[in-house]
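Chemist: this one's sequence-less:
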């Protein structure tokens, strides 16, 4: 049986690493976050890889939300960073799951690798999402031919 995968995404790191999202981020932070969340939801739907995206928060407490069959979105409290949460989750679940972490933060990558996770860049994540979308498009083309 295959080990389930969890993709942990450093949300703000990805927002600033991808030029298209960084441009939106400069104008409207919430819109940039929602676009990233939508892309990650689509990826989870297409691949079955469980996705958790963590954003640095500003409030007094940590906020987590997850709609049925959706990705988990975490906004950290002002005193804990997304890095802290991702590292903690990687350590906690590394023995049960194949943990993938997407961030360009080298220190965070080193920490999660030491915990037994795999670390990937923002560019890798963009390519991975594109591969999943292309796979879906191929599947749709094949189904249309069969009709």
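Modeler: Now that the structure is in, tell me what you want to look at. As the structure is a computational prediction, the values presented were derived from the model and not from experiment.
Chemist: so residue 53 touches residue 75, yeah?
Modeler: No. In terms of C-beta atoms under 8 Å, residue 53 does not count as a neighbour of residue 75; the distance is 9.8 Å. (C-beta placed from N, C-alpha, C; glycine too.)
Chemist: Who has more neighbours out of the two?
Modeler: Neighbours per residue (other C-beta atoms under 10 Å) separate residue 53 from residue 75, with residue 53 holding more: 25 against 20.
Chemist: What is the three-state secondary structure of residue 6?
Modeler: Following DSSP: H, G, I helix; E, B strand; the rest coil, we place residue 6 in the strand state.
Chemist: so what's it up against?
Modeler: For residue 6, the set of contacting residues under the criterion of C-beta atoms under 8 Å, 6 or more residues apart in numbering consists of 49-52, 89, 93, 97-100.
Chemist: Show me which of these are buried.
Modeler: Neighbour counting with 16 or more other C-beta atoms under 10 Å marks 49, 51-52, 89, 93, 97-100 as buried within the contacts of residue 6.
Chemist: Residues touching the biggest helix by length in the chain, excluding its own?
Modeler: Counting by DSSP state H, the longest helix found in the chain is helix 122-146. Applying C-beta under 8 Å, 6+ apart, the set of residues contacting helix 122-146 from outside is 9, 13-14, 17-18, 39-40, 42-43, 46-47, 102-104, 120.
Chemist: which pair in these spans the largest distance?
Modeler: The most widely separated members of these are 46 and 104, with 23.6 Å between them, by C-beta to C-beta.
Chemist: So these two - more neighbours on which side?
Modeler: residue 104 (18 against 15).
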